[in-house]
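Engineer: one predicted model, sequence on top.
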Amino acid sequence: MQRIIKNGQVVDESWHLIPREATMDQLSNCDDLIVPLALWVDHSKALLARDGGLGIWLDAGDEIEEIADQLDCFEVIALNFPAFTDGRHSSTAYLLRTRYGYQGEIRAIGDVLRDQLFALRRCGFDAFALREDKDPIDALQAFEDFSEVYQASSDVPQPLFRRR
């Protein structure tokens, strides 16, 4: 079982990340599932009728505007980082928190490393599924890397010079 960082703690993963190629007949009715955007687009009514929890995951090229009016359907929104150097979903998480007021879990998945965690949390992420070869307990130290931040973000809406 994978362990993730959620709200600053390492916890056992309880959600199942469904691969792109999955079909509806392969899905459990009662498990908590995070489904790819394409499956949601094709089968949203059937997915909502299930008994288990529902989340969605977006690839780096997917736009949050495609589901912006349906955000209340999801307990978890997972944003896939295909490469450590691809930060497009940092903006997506920020928009979810600030523009759309999403209060549910925003999870970073894919090529997620310790070096990204402090900045990703500031953008609005509250859960992190690290790359499988990385230790989530060691990665918790990332949240202690900096004692003060200068820039405004979703966690601190005013820049340092305005907080005086």
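Structural biologist: Everything's here; your move.
Engineer: so Val112 touches Phe81, yeah?
Structural biologist: Yes: in this structure, Val112 is within contact of Phe81 by CB atoms under 8 Å, at 5.6 Å. (Glycine included, C-beta is placed from N, CA and C.)
Engineer: so what's the closest residue in space to Gly8 that isn't next to it in sequence up against?
Structural biologist: Take Gly8 and drop its neighbours on the chain: the residue closest to it by CB to CB, 6 or more residues apart in numbering is Phe143, 6.3 Å away. Going by CB atoms under 8 Å, 6 or more residues apart in numbering, Phe143 touches 8, 117-118, 121.
Engineer: just give me the residue right at the centre of this protein.
Structural biologist: Nearest residue to the geometric centre of the chain (CA atoms, centre = their mean): Arg107, 1.9 Å.
Engineer: beta partners of the residue nearest to Leu17 when sequence neighbours are not counted?
Structural biologist: Excluding its sequence neighbours, the residue lying closest to Leu17 (CB to CB, 6+ apart) is Ile34, at 5.0 Å. Bridge pairing for Ile34 (DSSP bridges) gives the partners Leu17, Gly55.
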